[in-house]
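Peer 1: Dropping a prediction and its sequence here:
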Amino acid sequence: SSMPIETLYDDLRRYKSSSPSQRSTHFYLCGHPYLLSPSSKRELLRTDNQSEMIKAATAGLSYDVSRQTFVFDPFFVLAIDRHNMLQQTLTSVECAGPGELRKQLKVVFKGEEGVDAGGVTKEFFQLLVAHLFDVNTGMWKGDDGGTHHQGGQGNVHWFNGDCTWNDDGYRLVGILVGLALYNSVLLDVRFPPAVYRKLLRRSSRCSRPLGLEDVVDGETRDGLQKLLEYDGGGDVEDVFCLTFEVTWTDFGQHRSVELKPGGKDIPVTDHNREEYVDLYVQWLLIDSIQRQYEAFESGFLRVMEGSFLELLRPDELELLVVGTPDLDFDALRKNAMYEGGYDDRSPVVQNFWKYATLSKATSK
């Protein structure tokens, strides 16, 4: 779509305020988001969020008689001590009302001078991500099925269903993702597509239920696919020796759960293997992580409840959270501005661009 953003936003505003009967008799472009390009959706959501920020800021408008002026606070200010970031952030957000969270975020590190023109906020998010996704939290599993470890570009962050001691941590991650999305800050996180599909599951744009292709652990996914496709000489029950029970090890202790009543005594056969895979997938993606995911989602919606995410497909939501993996350094160089006596002819600047151009993607 090449429509001006003002026209698109007016359509979105009218669509949001319309009734179901009006939506059935009137054409709204935002009611058919497949007609919009991803970039148009991004700008539309950003404009909508900025409008919400203004509404939230002016909601507390008051008149100061002594100064004869209107007074309001346009920012949701987080004054944080670097040495106690997690707890102070969680406490500040929990104490803030929904209207406060819908204001523009402004971060202040206690005891440090400086105006937050965007850099301080980005640093705040980077530090929080490093804390919350640290290996020592035990909150995440990778796409290898093991507890998530740092390093490795391909590894993703998936909820650790055995982590029952850190609901606050998951809720804070949800708040972090919501605040970053609402304030147009990109995060260095690697959630699998299933997370974005779960966040948009109420949307008609994401009507397909979670399935085998969404299973995060590659080894488990391949094993279930082989079970479904098996047509060898032996019987499924004899070859795979499975029952409707899942077993795993948690801190050295063997644990198990039945996928259906009496499941440990029900063998998986050629006739019921599809049911087994369906139940196993549901357990992996929904039941086994329900507590952790619900804490995460509650934090996310605490910030994003009023935003019109129905515009987005899961892959588009992911782009808004983490950005594109392809970095355009040519565009960055053309738009770079220099301070402190440096310009594009300075040797250190030229060496930087030479390094950035020749480096591998991971180094960039």
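Peer 2: Sure, I can see it.
Peer 1: now the helices: where do they sit in the stretch 201-350 of the chain?
Peer 2: 218-229, 236-240, 273-285, 290-304, 314-322, 329-335, 347-358 (DSSP state H, counting those that start in this stretch).
Peer 1: Buried residues in the first one, which are they?
Peer 2: By 16 or more other C-beta atoms under 10 Å, the buried positions in helix 218-229 come out as 221, 224, 227. No exception for glycine: its C-beta is placed from N, CA and C like everyone else's.
Peer 1: and that helix, what's its mean pLDDT?
Peer 2: For helix 218-229, mean pLDDT rounds to 94.
Peer 1: ok, back up a step: of all the buried residues of helix 218-229, which comes closest to Arg171?
Peer 2: Arg221 (28.4 Å; C-beta to C-beta).
Peer 1: Quick check: the closest one vs Glu213, distance?
Peer 2: As judged by C-beta to C-beta, to the nearest Å, Arg221 and Glu213 stand 8 Å apart.
Peer 1: rewinding a little: can I get the buried residues of helix 218-229 in CSV including distance to Leu319?
Peer 2: CSV is the format used below for the buried residues of helix 218-229 (distance: C-beta to C-beta, whole Å):
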residue, distance to Leu319
Arg221, 24
Leu224, 29
Leu227, 34
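Peer 1: where does this protein dip in pLDDT?
Peer 2: Applying pLDDT under 70 to the chain flags residues 1-2, 114-118, 144-154, 202-207, 325, 361-362, 364.
Peer 1: now the strands: where do they sit in it?
Peer 2: 62-64, 69-71, 75-80, 104-109, 140-141, 158-159, 245-250, 253-258 (DSSP state E).
Peer 1: got the contact list for the first one?
Peer 2: Looking back up the chat, that one is strand 62-64. 69-72 (C-beta atoms under 8 Å, 6 or more residues apart in numbering).
Peer 1: For those residues, pick the one with the most neighbours.
Peer 2: Phe72 (12 neighbours; other C-beta atoms under 10 Å).
Peer 1: mind checking how far Thr247 is from Glu258?
Peer 2: With C-beta to C-beta as the criterion, Thr247 and Glu258 are 10 Å apart.
Peer 1: Looking at those two, which one has more neighbours?
Peer 2: Glu258 (16 against 10).
Peer 1: Contact partners for the more buried one?
Peer 2: 244-245, 264.
Peer 1: give me that answer again for 10 Å
Peer 2: For Glu258, the contact set (C-beta atoms under 10 Å, 6 or more residues apart in numbering) comprises 243-246, 264-266, 279, 283.
Peer 1: Can you say which of those residues are buried?
Peer 2: Here, 16+ other C-beta under 10 Å leaves 243-246, 266, 279, 283 buried among the contacts of Glu258.
Peer 1: wait, which of those is closest to Ser37?
Peer 2: For the buried ones among the contacts of Glu258, the nearest to Ser37 is Trp283 (37.8 Å; C-beta to C-beta).
Peer 1: Does the closest one touch Gly161 like I think?
Peer 2: Yes. Using C-beta atoms under 10 Å, Trp283 is in contact with Gly161, at 9.4 Å.
Peer 1: Mutual contacts of the two, please.
Peer 2: The contact sets of Trp283 and Gly161 overlap at 289-290 (C-beta under 10 Å, 6+ apart).
Peer 1: just so I know, which of the helices of the stretch 201-350 of the chain lies nearest Trp165?
Peer 2: Once these are compared by C-beta to C-beta, helix 290-304 is nearest, at 10.7 Å.
Peer 1: gap between that closest one and the chain center?
Peer 2: 10 Å (C-alpha atoms, centre = their mean, to the nearest Å).
Peer 1: Against which helices or strands is that helix packed?
Peer 2: helix 85-95, helix 98-101, strand 158-159, helix 167-182, helix 193-199 (3 or more C-beta pairs under 10 Å, 6 or more residues apart in numbering; DSSP states H and E).
Peer 1: could I get these as JSON lines with distance to Leu358?
Peer 2: Formatted as JSON lines, those follow (distance: least, C-beta to C-beta, whole Å):
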{"stretch": "helix 85-95", "distance to Leu358": "36"}
{"stretch": "helix 98-101", "distance to Leu358": "43"}
{"stretch": "strand 158-159", "distance to Leu358": "35"}
{"stretch": "helix 167-182", "distance to Leu358": "31"}
{"stretch": "helix 193-199", "distance to Leu358": "32"}
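Peer 1: Mean neighbour count, these: which tops it?
Peer 2: Burial of the helices and strands packed on helix 290-304 is given as mean neighbour count (mean count of other C-beta atoms under 10 Å); strand 158-159 ranks first at a mean of 25.
Peer 1: counting contacts, what elements does that one pack onto?
Peer 2: strand 140-141, helix 193-199, helix 273-285, helix 290-304.
Peer 1: Could you give me the buried positions within the longest one?
Peer 2: Within helix 290-304, the residues that qualify as buried by neighbour count (16+ other C-beta under 10 Å) are 292-293, 295-297, 299-304.
Peer 1: what's the closest of these to Tyr15?
Peer 2: So of these, ranked by how close each gets to Tyr15 (C-beta to C-beta), first place is Met304, at 18.0 Å.
Peer 1: What distance do you get for the closest one to Phe296?
Peer 2: 12 Å.
Peer 1: With Met85 instead?
Peer 2: Met85 is 18 Å from Phe296, where distance means C-beta to C-beta.
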